[in-house]
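> Return atomic coordinates for the entry below.
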Amino acid sequence: MTITEGDLFPEAKGVARNIARIPLWLQVIGLLVVMFATAWPGAVRADVVKPALVELTIYENGALKLEVRASIEAMLSGISTRYKNTQDAPTADEYDRYRAMESDELRQEFRRFEAEFLDLISLRFGDRKAGLAITGVEIPEPGYKKVPRISTIMLSGALPEGAKTFEWRYPERFGDAAFRYRHFDDAEYTWSDWNWLRNGEPSGPIEIAAKYRKRAFWDVVTSYMELGFLHIVPRGLDHILFILGLFLLSIHLRPLLLQATAFTVAHTITLGLSMYGIIDVPARIVEPLIALSIAYVGIENIFFPRLHKSRVVIVFLFGLLHGMGFASVLADFGMPKNDFAKALISFNIGVELGQIFLLVTAWLLLAVPFGRSPNYRRMIVIPGSAMIAVMGLIWTVDRIVNG
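Below is the predicted model:
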C-alpha cells in the first residue's frame, strides 16, 4: 500500500483545499497584508548615502579655502558610501539619532569630532600637509527626512611658500567624494571639472600654476554615464522595483518596449527641465509620488494581467516623476558649465544602460526558465508584484508620515 502525504497529514490536505476555494483577489490581499507587516520594520527610515562634494580655492594672495558638503550624521556614525542605504549599516540606529537632531545639537556633536576630522582629511603640498582650520559649519534643520541632510564644513589655511603642486585625499572611511578646484588665472577664478574619487584614492598631484585644462570628451562622457548607471544599479532600489514591475506585466518584447519607451521619453523630459531650472518640485512631493508609482505598478500587475493602452500613459506620467528624482542626483554631483548638454545626455544614457541591464537580467533569470510554464503568473508574477507593491506602499507611507 502506498502512503501519500495526504494520508500522513490529512489536516494539511484539507487546509490546501480550503485555500484553493478562496478567490484569487482575496488571496492576494492577504499576501499583501502579510508581506506589509513583515517588511515594514526594516524598510522605514532608510537614507541614501551620497558622495561628498569638495571644493578648493587657492587665492592670489596665497590664502586657501576648502568647503566640504557632506552628511555629518554619516561621518559621526561611520557610514560610508559603500552602503546602499543607512539601514544596511550596523550603526543605523546611531545615524537615525543624529538625523533627528536639530542643527544646534548636531553642531555640538560635531565639535567633539573636529580634531579627528582634520586628521583624516588630507591636503598636501608636496611632502607637507596643509594646516587647515575649521572656520564654520552650516547644518540645515532636519527638514524632509527621506533626503539626506547635507551640511557644509568650511576650512581655511595658507599656501606653503614655494609650493608647486597639491594633492587632495578624502578618507575611505567617509566614502566617495567629488573634488574640484580653482585658482587665480588670467584675472579670474575658473573652476575645474569635478573629479570623482572613490575608495579613498587621491586626486594625484595637480600643478598650482598650470592653466585649467578642459576635460577630454570621452572623460566627461564615461564619468556621467557611470554615474547614471550606478544610480540605477545598484543604488536605485526604487527605480529597480519600478522597472521590474514593468517587466512582470509581460515578458513579450513589444509591450515591454512600449512601456520602456514611454518611461524613457518622460524621465528625459523632466530630467532636462529640472537641470535647466525650468521646473523645481520639492523632494517631499516627488519622493512619495515615486514610491506610490511603484506600488501602483505592482498592484495593477496583480489585478489587470493584460496590458491596456492606459498603462502606457500612466507609465509616461510616472516617468516624469522619476526624471525629477534623477535630477536630484545630478544637482548634488554638479554639472560642468561648458559641457552641460554632453554630461546630461551621458547621464541619461547611463540610466538607460542600467535599465537595459535590469531587463536583460530579469529575462534570463525569470522568462527563460519559467516563462512558458502555465503557472508562471501564479508563481512569479503575482508574488513578485505583491513584493513590489508592498515595498512601494511602505515607502509611500513612510515618506509622507516620517518625512
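> now this protein, which segments are flagged as low pLDDT?
Across the chain, the ranges flagged by pLDDT under 70 are 1-48, 84, 143-146, 184-189, 210-215, 332-339, 403.
> quick one: contacts for the nearest residue to L120 once chain neighbours are set aside?
Nearest residue to L120, sequence neighbours excluded (CB to CB, 6 or more residues apart in numbering): P171, at 4.3 Å. Placement of C-beta: from N, CA and C, glycine included. Contact partners of P171, counting by CB atoms under 8 Å, 6 or more residues apart in numbering, are L120, I121, S122, G200.
> Now K129. Its backbone dihedrals?
Backbone torsions for K129, taken as degrees, to the nearest 10, come to phi -90, psi 130.
> do the same with I150
Main-chain torsions, I150, degrees, to the nearest 10: phi -100, psi 120.
> What's the local residue count around A158?
14 (other CB atoms under 10 Å).
> typo on my end, it should be P148
P148 has 20 neighbouring residues, counting by other CB under 10 Å.
> Over to Q87?
Other residues lying near Q87 total 17 when counted by other CB under 10 Å.
> and if you look at I349?
Around I349 there are 15 residues (other CB under 10 Å).
> on that earlier part again, now the contacts of P171 as JSON lines including neighbour count and secondary structure?
Below are these laid out as JSON lines (neighbours: other CB atoms under 10 Å; DSSP: H, G, I helix; E, B strand; the rest coil):
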{"residue": "L120", "neighbour count": "16", "secondary structure": "helix"}
{"residue": "I121", "neighbour count": "21", "secondary structure": "coil"}
{"residue": "S122", "neighbour count": "16", "secondary structure": "strand"}
{"residue": "G200", "neighbour count": "17", "secondary structure": "coil"}
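> Which elements pack onto the strand or helix carrying V360?
Assigned by DSSP states H and E, V360 belongs to helix 340-362. Contact partners of helix 340-362 among helices and strands, from 3 or more CB pairs under 8 Å, 6 or more residues apart in numbering; DSSP states H and E: helix 217-232, helix 237-249, helix 253-275, helix 309-333.
> mind checking which of these is nearest R378?
Counting by CB to CB, R378 lies closest to helix 237-249 out of the helices and strands packed on helix 340-362; the figure is 12.5 Å.
> can you list contacts of that closest one?
By CB under 8 Å, 6+ apart, helix 237-249 touches 84-85, 231-233, 255-256, 259-260, 263, 290-291, 293-294, 297-298, 300-301, 305, 307, 311, 315, 318, 322, 325, 355, 358-359, 362-363, 366, 380-381, 384-385, 388, 391-392, 395.
> Same question for stretch 268-283.
With CB under 8 Å, 6+ apart as the criterion, stretch 268-283 contacts 144, 146-147, 319-324, 326-328, 330-331, 335, 340, 344, 347-348.
> Tell me the first helix or strand C-terminal of the helix holding V360.
The first helix or strand that comes after helix 340-362 along the chain, using DSSP H and E, is helix 368-370.
> just how off-centre is that next one within its chain?
In terms of CA atoms, centre = their mean, to the nearest Å, the centre of helix 368-370 is set 30 Å apart from its chain centre.
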